[in-house]
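Chemist: give me the fold of what follows.
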Amino acid sequence: TRYVRVKMAADNKTLFVTNIPDGMSESEFEQIYTKHDGFLSCRIRKDRKNAVCGFVEFQSGEHASRAMGLTQGHVAHEQALAVMFAKSQGKRPRDGDGPGGGAKMSRNGSDNGVAVAAAT
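Modeler: Got it, this is the predicted structure:
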């Protein structure tokens, strides 16, 4: 049996949004999320492949989860947004190389809500 570390969605307060149209401004992107409870901030940028992606931060994982459900597939400039929980900001191996997948550990040694699940 192989074990995989999985970040619990309830602990993740940040959404990662892809399939953002090239012509969308940051203020247009922000308007999609500001109406959702717990919204804190958002930003858009180009990824390594020059595609536009965005990050949206909420006060809690519950707020982020609710906003993700309500904005999944939201159509902007004739493109449906793809919304998921952002990965940890800790240093991660690229393309899945290396053990652990980059889960962050706190200074006291706890795993900050990272569960261990058996992979088949």
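Chemist: secondary structure class for Ile32?
Modeler: helix (DSSP: H, G, I helix; E, B strand; the rest coil).
Chemist: tell me the helix or strand right after the longest helix along the chain.
Modeler: Counting by DSSP state H, the longest helix found in the chain is helix 61-71. From helix 61-71 onward toward the C-terminus, using DSSP states H and E, the following helix or strand is strand 75-76.
Chemist: and that next one, what does it pack onto?
Modeler: For strand 75-76, the elements it packs on are helix 26-34, judged by 3 or more Cβ pairs under 8 Å, 6 or more residues apart in numbering; DSSP states H and E. Yep, even glycine has a C-beta here, placed from its N, CA and C like the rest.
Chemist: please identify the buried residues of the helix it packs on?
Modeler: Within helix 26-34, the residues scored as buried using 16 or more other Cβ atoms under 10 Å are 29-30, 32-33.
Chemist: what's in contact with the helix or strand harbouring Phe16?
Modeler: Element membership for Phe16, per DSSP H and E: strand 14-18. Contact with strand 14-18 is made by 29, 51, 53-58, 64, 67-68, 71, 81-87, as judged by Cβ atoms under 8 Å, 6 or more residues apart in numbering.
Chemist: for stretch 21-31, what is the average pLDDT?
Modeler: Here stretch 21-31 scores 95 as its mean pLDDT.
Chemist: now do stretch 61-68
Modeler: Per-region confidence: stretch 61-68 scores 96 on mean pLDDT.
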